[in-house]
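> quick one, fold the following:
(chains A and B)
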Amino acid sequence: MDAFFLYLAIFLPFGLGILLLFLPERTGEGAVRALGVLGFAVPLAVALFLALRFGSAPVEDGYRFLTAIDTGLSSLGIELRLGLNGISLPLFLLAGIVGFAAGLHALQSNAPRLRLYIALLLVMQAGLMGTFSSVDIFFFYFFHEFALVPTFVMIGIWGGFGRRSAAIEMTIYLTLGALLSLLGLLLLYVQSGAESFSLPALRDALAAQPLGETVASNAFALLLFGFGILVSLFPFHSWAPRGYAAAPTATAMLHAGVLKKFGLYGLIQIAYPLLPEGAGNWQGLLVWLALGNVVLLGFVTMAQRDLKQMIGYSSVMHMGYAFLGLLAFSTVGVGGAVLLLFGHGLSVALLFMLSTAVYHRTQTYDMQEMGGLIGKAPILAAFFAAATFASVGLPGFANFWGEFTIFISLWETYAWALIPAALGIIISAIYGLRAFSRIFMAEPSDALKEHWEENQVQDLQVRERVPACILLAGLLVVGFFPAVVTGPLDADLPGLQPAAAEASETILPHDATESSRLAATAPAAQEGSAVR
Amino acid sequence: MEGLSTLATVLLLVPLASAAVITLFFRRSGKAAEWVSVVAAGIIMVLAFVLIFAWSGSGSLTASIPWLVLGDFRIEMGFLFNAEAATMLAVVGFIGFFIHLFSIGYMDDDPAQGRFFAGLSIFMFSMLGIVLADNLFMLFIFWELVGFSSYMLIAHYWDKDFASAASKKAFVVNRVGDFGFLIGIVWAYHYFGTANISEMSALVASGEKDVVTGIGLLLMCGFVGKSAQLPLQVWLTDAMAGPTPVSALIHAATMVAAGIYFMVRIFGILSPFTLDWILWSGAIMTTFAGICALGQDDIKKSLAYSTLAHLGYMATAIGLGFPGLAIMHMAMHACFKATLFLCSGSVIHACHHEQNMFKMGGLLRRMPITGIAFLIASLSISAVPFTAGYYSKDTIIASAWGLFANGSGGEYLGAYILTVLGALFTALYMGRMFFVVFLGKPNSEKAAKARESSVWMTLPLIVLGWVLSLGAGWFVQPGLDGSWLGGAMTSLLPTHAVEFMVQGFGNDGWKAAHAVYEASGAGWVEWLNLACVLAGFAFTFFYYGRGPSADRLEVNHPAVFQAVERHGWFDDLYDWYVAKVQQRFADILGFLDIFLIAGLLVRGAAGVAGLTGTLLRSLQVGSVHSYVYWFLIGIVFFWIFAAT
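Below you'll find the model as predicted:
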């Protein structure tokens, strides 16, 4: 029965989106809004409901709520097979929350051709709900494309400054990334001999008969770089800040908040568990690239004057942490990465949304031209401060737990990387607080004073506050009670380990789940006494 | 035990609830916010003492529950309640409450009382978390949260440029310290296999694990940031941009002392080298900050340097190997330094936010309660015999000599000389402050019209200044053990309370330190201290005069004054680094990112891009419907292909 809700979460928004697209031109705004709210609310309700049921649901093949229907592609081993495990649940929930907030924001945005805008967002939402609940890697990929294509269209039509070139750059990049990962997935499918795209079947087949090291390494590389491009891994990140800066707000919220997480989700759910032999070859490179995200792009973020570009770069920077969490592929590290994905998804969506609210009150994205906005909009300032501190990694917000556990996990593999990685906590504080004080504190700029004299500027309106509160609530709930997310993770992550554990010698010298904690720290102890 | 940890949990949640209630309901009603916050502070004080008296007085209370579990890694929320925690809790609860009371008067004309009192409540929550935390993870969480509340309260006057800059600076500089702290925590966790403070100490004590210098030094980074020690001291003086009650509570009495408290808690895992480091850095700070305090005209900034110097004394006590003594000085310092700041707040409020000492003058007659409290606290901080400060500060200096005299090492002689100089400078800057502000004639219109503050503000001054700055030390008087004035002092209090005072103030630490000094037999040490103090006061009395309108040093020797005012050129160096190195590096990377990665690598593949662009353009017919059709056609093709 619960499985029915999974279908509902995907096909209801999709159906409503198509319906909106083909409704007659004269349809009233009220109807559009009602359908829109319904289309965004149902996935969130389903996600929350399933999260509550998660603990008590029976487990089958490592998944809960498992269900499948034949779509006429069974000759290729493709089935629409849906289900959730501890890793997909947080992201499924994230998609529900951010989708609802982005939908509400879009509905009150007065965008031209609103009906079309909402329709595309609903299709995107359907794709997001689908991709994180797919157990079949064909549909996992298929739903991702489903969510991705409307992104390009939306940037092209409703985007801001430089939207055309941004849309094209983003399209080329993301298509390239998607193609590489598709190649990797196909290679997996062909080489495994499972004759099925179902993830448990692939896992069983590969566990019974591992791929040769070369093949595994190549397949892993395809997935790593394909997925990596989608998550803006350094140096394949340049699409992200430009794309987000040009994208309409709700699109940026959904893409940066949720869709971008697809790549890391794929690495966690597919690449590492299925190809542990292949992963070992690439960890040495990945640590450098991820540090590039954290440190180099951290400094680049510091150099930004444009608010949206800065948020875009900061989102790229934080993805570096998530990659660092994968290095050990231990329960701590991967758990931390998922926590960070969840927290970051909410905080970056909130920041994009609020940056638009700031723009409406200042008529600029240039932070040098702002100032003193607390006086005009204290509630906006409070929300913005909360979002900034969440992304800076303040305890009390979900992001903190992610960053912290990733730092813990890093010691097991690349202890030296802890030093540059921890520099990130200084860097993000510098650009985050600098942005906040430039926008909200001190004296307003002259241009802004003039603008405020001529125009009435109001604080955050109720219709803007509702989506902001939803996102903030998510950040705070997980910030105070991380077990909401880590409970399911802790239950299901070890299930991904059998394959990884076999290769623990190649990936990591001592796997946290294998050896006792004290034994795992023995090498550290030697190091410690060496220092002494 | 069960009951006690429940009590501690409630204690911790009261201020959080207060902050939440104010944020949700009383953002605009300052009066209501004020009362919610003050009542919460009152409940905290009462519960704190209930907890202290219910606690057995020895041993430690521990309890914890898992909060985040991933595999075999777990973060726990737990309490470790022992002697130093009891003292810290008493300080935070008691002084916190009186500063809340003071705030009612001080913030009476402020438009943003809701934000201010919510901030104070968040601070109380975070600080209590630090006091009670039993493991490094939980400690780090609350450590970051006090940083946030400090940021929020420094930025109270957000429309002023300096407040905006100061709040940012405070948070970022603290983050620099936390950078090392975080690495230290990760290392400690993996080395000891636990982050629990008592378990780590037990592992070292039983000889199962060695102390590691690296871990100690890294953990010390957190202390250096939070307690504003060299070279991260620059944020504390700027933090005076916040309202004065905040300066008193957070930036003098409690939060900055959290660094000291933390070092005392982990004292068991510090290596001798780390202790020497702390000793030197603390001892240098006592003199350095003392000199800097003479170069400030702003009364709060001058006091801030004095705070730095006294944190230096506490650090010195830890470095000497007497953590209990450090905690005792922390408690005494909290009394007299909170008094000094509250007096300055009372004066500033009466002079309509004038902070320049040389525009005050003659205030003793106009504000006698404030003036007398300031005088007592000045004597106390200068360690005049039998005031509160004397017992802790004098013992620190004397025991440094004692350790040198019994041949423990040359570094203790260095520490002794520096701390004696620090004591001399204490008397100099405190004398300067008192004579300039309170004696003579008013130097401005505002000062001439100053009136004694309202009862909300004078009551805390009487309690903290007249009573505690004077008498807080009498409970540890030698031979006390229940007998000073024939037991008169202690018979005033219940037995439990006496036990707490004796245990909690670090009486053992004090006794050990005092014994070292007694053993050296150098009675002249105490006389020299007293001579320094008297000389300092006498010199300033004649040099600066009573209620002058300008700093005589500044007038007669501007070059010397400026050198003192630049406080070691640290700020100049850091400003140069931020503007000329860090920002340029960021700009260059930003340029390279656009030019190399986005420009050359991406668009340089012009063939691919151009081709794709042309293809896209041919498909881009501007109507979304056509995209949908293309998409559907593609899907149909795929399905046909797959089904055959």
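> what packs against the host helix or strand of residue B:525?
If you go by DSSP states H and E, residue B:525 is part of helix B:524-543. For helix B:524-543, the elements it packs on are helix B:395-405, helix B:411-438, judged by 3 or more CB pairs under 8 Å, 6 or more residues apart in numbering or on different chains; DSSP states H and E. All C-beta spots, glycine's among them, are computed from the backbone N, C-alpha and C.
> save the ones you listed as TSV, and put in mean pLDDT too.
Below are those laid out as TSV (pLDDT from 0 to 100):
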stretch	mean pLDDT
helix B:395-405	89
helix B:411-438	92
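> can I assume residue A:200 is in contact with residue A:136?
No: in this structure, residue A:200 is not within contact of residue A:136 by CB atoms under 8 Å, at 9.9 Å.
> among these two, which residue is more densely surrounded?
residue A:136 (26 against 18; other CB atoms under 10 Å in any protein chain shown).
> what's the separation between that one and residue A:130?
Here the distance between residue A:136 and residue A:130 works out to 10 Å (CB to CB, to the nearest Å).
> before we move on, back to that, right, and the helix or strand after the helix holding residue B:525?
helix B:552-556.
> what residues sit buried inside that following helix?
Neighbour-count burial for helix B:552-556, counted by 16 or more other CB atoms under 10 Å in any protein chain shown, picks out B:553, B:554.
> quick one on the thing from earlier: hey, which of the helices and strands packed on helix B:524-543 is tucked in deepest?
Of all the helices and strands packed on helix B:524-543, helix B:395-405 has the most neighbours on average by mean count of other CB atoms under 10 Å in any protein chain shown, namely a mean of 26.
> what angle do that helix and helix B:524-543 make?
130 degrees (axes from the mean of the first three to the mean of the last three CA atoms, to 10 degrees).
> max-length strand in chain A?
For chain A, the longest strand by residue count, based on DSSP state E, is strand A:63-69.
> for that one, which strands pair with it and how are they oriented?
strand A:59-60 (antiparallel), strand A:80-84 (antiparallel) (DSSP bridges).
> in chain B, which residue is closest to the centre?
Closest to where the C-alpha atoms of chain B average out (CA atoms, centre = their mean) is residue B:256, at 1.0 Å.
> quick one: contacts for residue 155?
Assuming you mean chain A. By CB atoms under 8 Å, 6 or more residues apart in numbering or on different chains, residue A:155 lies in contact with A:163, A:166, A:167, A:170, A:243, A:246, A:247, A:248, A:251.
> actually it's chain B I care about, not the one you picked
With CB under 8 Å, 6+ apart, residue B:155 has these contacts: A:437, A:441, B:163, B:164, B:166, B:167, B:242.
> just the ones of the residues you listed in strands?
Among the contacts of residue B:155, none falls in strands (DSSP E).
> the residue nearest to residue B:41 when sequence neighbours are not counted and residue B:464, how far apart?
Leaving aside its sequence neighbours, residue B:41 sits nearest to residue B:100 (CB to CB, 6 or more residues apart in numbering or on different chains; 4.0 Å). Plainly put, residue B:100 is 13 Å away from residue B:464 if you go by CB to CB.
> more neighbours: those two, which one.
residue B:464 (31 against 26).
> doesn't residue B:342 make contact with the more buried one?
Yes: here residue B:464 reaches residue B:342: they are 6.8 Å apart, a contact under CB under 8 Å.
> tell me, what's touching these two both at once?
residue B:373.
> so how far is chain A from residue B:637?
13 Å (CB to the nearest CB, to the nearest Å).
> counting neighbours, what do you get for that residue?
By other CB under 10 Å, neighbour count at residue B:637 equals 10.
> returning to that earlier point: quick one: residues in contact with the helix holding residue B:525.
Residues outside helix B:524-543 that contact it (CB under 8 Å, 6+ apart) are B:382-385, B:394, B:397-398, B:401, B:420, B:423-428, B:430-432, B:435, B:517, B:552-553.
> buried stuff in it?
B:525, B:526, B:528, B:529, B:530, B:532, B:533, B:536, B:537, B:540.
> ok so, going back, list the buried residues in the longest strand of chain A.
A:63, A:64, A:65, A:66, A:67.
> ok, which pair from those residues is furthest apart?
Spatial extent of the buried residues of strand A:63-69 (CB to CB) is set by the pair A:64 and A:67 at 10.3 Å.
> shared neighbours of the two, anything?
residue A:83.
> without its sequence neighbours, what residue ends up closest to residue 27?
Picking chain A for this. Nearest to residue A:27 is residue A:115, by CB to CB, 6+ apart, at 6.8 Å.
> switch to chain B, please.
residue B:114 (4.5 Å).
> hmm, back to that, and the contacts of residue A:155, which two are the farthest apart?
Among the contacts of residue A:155, A:170 and A:248 lie farthest apart (CB to CB), at 13.2 Å.
> one step back: I'd like to know which of the helices and strands packed on helix B:524-543 is closest to residue A:194.
Distance to residue A:194, taken as CB to CB, is lowest for helix B:411-438 among the helices and strands packed on helix B:524-543, at 69.3 Å.
> the closest one packs against which elements?
In this structure, helix B:411-438 packs against helix B:272-293, helix B:299-320, helix B:363-366, helix B:368-381, helix B:395-405, helix B:524-543, with contacts taken as 3+ CB pairs under 8 Å, 6+ apart.
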